[in-house]
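Colleague: Would you be able to build a 3D model of this:
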Amino acid sequence: MVQNLNVLSFAPYGKITAERSERRHSPRVSPAEERLVEVTQETIFQYSPTEPVYLDYESGMTILAVAKGRGEFVYFYLDKPVCINPGVHFAVAPYQVSCSVRMAVSGGHWPKAEAMTLPLRELALSRSLQVERVYTFFYHEKERGFFFRGEEHSMLELTYVDKGAIHSVAGGQDLLLEQGDMAIYGPNQWHMQYADPECAPSYITITFDLEGDSLARLLNRKFRTPQKAVLLLQQMLQERDHEDAYTGDMLISLLGQLLLTVLRDSGTTPESPLRTANAINSENEVVGHAQRFIGENVRQKLSVPMVAREVGVSPSYLTALFHKNLQISPGEYIRRAKLQESKHMIREGKMNFTEIAQVLQYSTVHHFSRQFKEKFGITPTEYARSIR
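Modeller: Here you go, the predicted structure:
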């Protein structure tokens, strides 16, 4: 990065001379010993002086690179006259297209010059991470024991738990996100969420596209959200509720700051990876495939052997994987998925309870009603009244 040219910062390499409008270089130098040097990005030279050299900017944004001995170059913005000490290597370069400087030596012996290149583009600050678009930004307040059967999409998705706790399932493994926890799903990664029967959580989800940094360190991990990132989320909620012409820009900017804050903090915060060794990845793929199949066929007559055949494992192995990774049997998972689907169908209001029971492949409407009350604590009729 380019440094400001001042007495203290430049002291190891030379000194700053008096700034006078009529003649800014050293009065000891005669006009015959002074040259106007034009520089472009293709004509940069490194100088190795054996006596003091006086420099002053003339036109264009000018970078002065200096180094002692074999040390690395330090870059200054040349906006005042300087005197460079003997033995200090230096180069002058345009920050953009071209520049010109006045150069003089007190003894008339011009320093040796050698063509070189400088990484000028690297000196300017640029983004390593940039949020391109925010597609959705939701604050969810869910009922007790909610169950989202899962989805996948090309965008990244961030989940932050504001109250209560949710189970975050991705890659076939279940992580419990409690208040203050965050997780980020990668592009095209299937994921689902649900809450325990006694918990009614509130949480934020944001879907977005990103350029630059891939967020690889953050994907598929549970981590505590830094307090600064929590404050940025609160700012985003306030910004969303006071929409104007610049709301989109503000939300994108704040999300970028939030991700950078979490990336900085991730080096010191313990993380819980979803994916580890290849063996675990293989297990997760089996469980994830089974979950997707159940979600896509929730209105069909499902059984553990049917799901096991679909994913190419035995029923007993599938059961063991579900218990290991989700702390639930595949049969119970099917039951929860069907009951959550029944809630969706009741809200739609297109079918009566008998028809819903038939579509979801329950043996009788009484069997459906009994399981519904066991799961949610109320009957289907009471639930229907509560949402009307």
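Colleague: tell me which element the residue positioned nearest the centre of the chain is part of?
Modeller: Central residue of the chain (C-alpha atoms, centre = their mean): Leu259, 4.2 Å from the mean position. According to DSSP states H and E, Leu259 maps onto helix 247-265.
Colleague: chain center to that helix: distance?
Modeller: Centroid separation for helix 247-265 versus its chain: 8 Å, with C-alpha atoms, centre = their mean, to the nearest Å.
Colleague: Quick check: next helix or strand after whichever strand in the chain runs longest?
Modeller: In the chain, assigned by DSSP state E, the strand with the most residues is strand 129-141. Downstream of strand 129-141, the first helix or strand assigned by DSSP H and E is strand 147-151.
Colleague: Could you name the helices and strands sitting against that following strand?
Modeller: With contacts taken as 3 or more C-beta pairs under 8 Å, 6 or more residues apart in numbering; DSSP states H and E, strand 147-151 sits against strand 191-194, helix 278-296, helix 330-348. Any C-beta I mention is one placed from the backbone N, CA and C, and that applies to glycine too.
Colleague: sec struct for the closest residue in space to Leu218 that isn't next to it in sequence, please.
Modeller: Spatial nearest neighbour of Leu218, chain neighbours left out: Ile184 (5.0 Å); criterion: C-beta to C-beta, 6 or more residues apart in numbering. Of the three states, Ile184 takes strand under DSSP: H, G, I helix; E, B strand; the rest coil.
Colleague: I figured Ile184 hits Leu215, correct?
Modeller: Yes. Taking contacts as C-beta atoms under 8 Å, Ile184 lies within contact range of Leu215: 6.3 Å.
Colleague: list residues touching both of these two?
Modeller: Common contacts of Ile184 and Leu215, defined by C-beta atoms under 8 Å, 6 or more residues apart in numbering, comprise Leu156.
Colleague: For the chain, which segments count as helices?
Modeller: Per DSSP state H, the chain carries helices over the ranges 7-10, 120-123, 227-241, 247-265, 278-296, 304-311, 315-326, 330-348, 353-359, 365-376, 380-386.
Colleague: Of all the ones you listed, which one comes closest to Ala65?
Modeller: With respect to Ala65, and counting by C-beta to C-beta, the nearest of those is helix 120-123 at 9.4 Å.
Colleague: Residues contacting the closest one, please?
Modeller: Applying C-beta under 8 Å, 6+ apart, the contact partners of helix 120-123 are Met1, Val2, Gln41, Ile63, Tyr75, Ala93, Pro94, Tyr95.
Colleague: Let's have the residues you listed in TSV, adding distance to Asp196, neighbour count and pLDDT.
Modeller: TSV is the format used below for these (distance: C-beta to C-beta, whole Å; neighbours: other C-beta atoms under 10 Å; pLDDT from 0 to 100):
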residue	distance to Asp196	neighbour count	pLDDT
Met1	50	7	84
Val2	55	18	90
Gln41	62	16	87
Ile63	60	22	93
Tyr75	57	20	94
Ala93	63	25	93
Pro94	64	22	92
Tyr95	59	19	88
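Colleague: hmm, back to that, out of the helices of the chain, nearest to Gly145?
Modeller: Among these, helix 365-376 comes nearest to Gly145, with 6.1 Å by C-beta to C-beta.
Colleague: ok, back up a step: least reliable of the helices and strands packed on strand 147-151 by average pLDDT, please.
Modeller: Among those, helix 278-296 carries the lowest mean pLDDT, at a mean of 77.
Colleague: tell me which residues in it are buried?
Modeller: Applying a neighbour-count criterion of 16 or more other C-beta atoms under 10 Å, one finds 280, 283-284, 286-295 buried in helix 278-296.
Colleague: Now render those residues as JSON lines, adding distance to Tyr54.
Modeller: Shown next, in JSON lines, are those (distance: C-beta to C-beta, whole Å):
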{"residue": "Ile280", "distance to Tyr54": "67"}
{"residue": "Glu283", "distance to Tyr54": "71"}
{"residue": "Asn284", "distance to Tyr54": "68"}
{"residue": "Val286", "distance to Tyr54": "74"}
{"residue": "Val287", "distance to Tyr54": "73"}
{"residue": "Gly288", "distance to Tyr54": "69"}
{"residue": "His289", "distance to Tyr54": "73"}
{"residue": "Ala290", "distance to Tyr54": "77"}
{"residue": "Gln291", "distance to Tyr54": "73"}
{"residue": "Arg292", "distance to Tyr54": "73"}
{"residue": "Phe293", "distance to Tyr54": "78"}
{"residue": "Ile294", "distance to Tyr54": "79"}
{"residue": "Gly295", "distance to Tyr54": "75"}
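Colleague: thinking again about what came up before, beta partners of the residue nearest to Leu218?
Modeller: In this entry, Ile184 is beta-bridged to Leu158, Leu219, by DSSP bridges.
Colleague: which residues touch it?
Modeller: By C-beta under 8 Å, 6+ apart, the contact list for Ile184 reads Leu156, Glu157, Leu158, Thr159, Leu215, Leu218, Leu219, Asn220, Arg221.
Colleague: In space, what's closest to Ile346 - neighbours in sequence excluded?
Modeller: Excluding its sequence neighbours, the residue lying closest to Ile346 (C-beta to C-beta, 6+ apart) is Ala384, at 5.3 Å.
Colleague: Am I right that the one you found is in contact with Met345?
Modeller: No. Using C-beta under 8 Å as the test, Ala384 is too far from Met345 to be in contact (10.5 Å).
Colleague: Report the set of residues contacting both of the two.
Modeller: Common neighbours of Ala384 and Met345, using C-beta under 8 Å, 6+ apart, do not exist here.
Colleague: what pLDDT does the residue nearest to Leu218 get?
Modeller: 92.
Colleague: could the helices and strands packed on strand 147-151 go into a markdown table alongside distance to Thr225?
Modeller: A markdown table is the format used below for those (distance: least, C-beta to C-beta, whole Å):
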| stretch | distance to Thr225 |
| --- | --- |
| strand 191-194 | 17 |
| helix 278-296 | 24 |
| helix 330-348 | 27 |
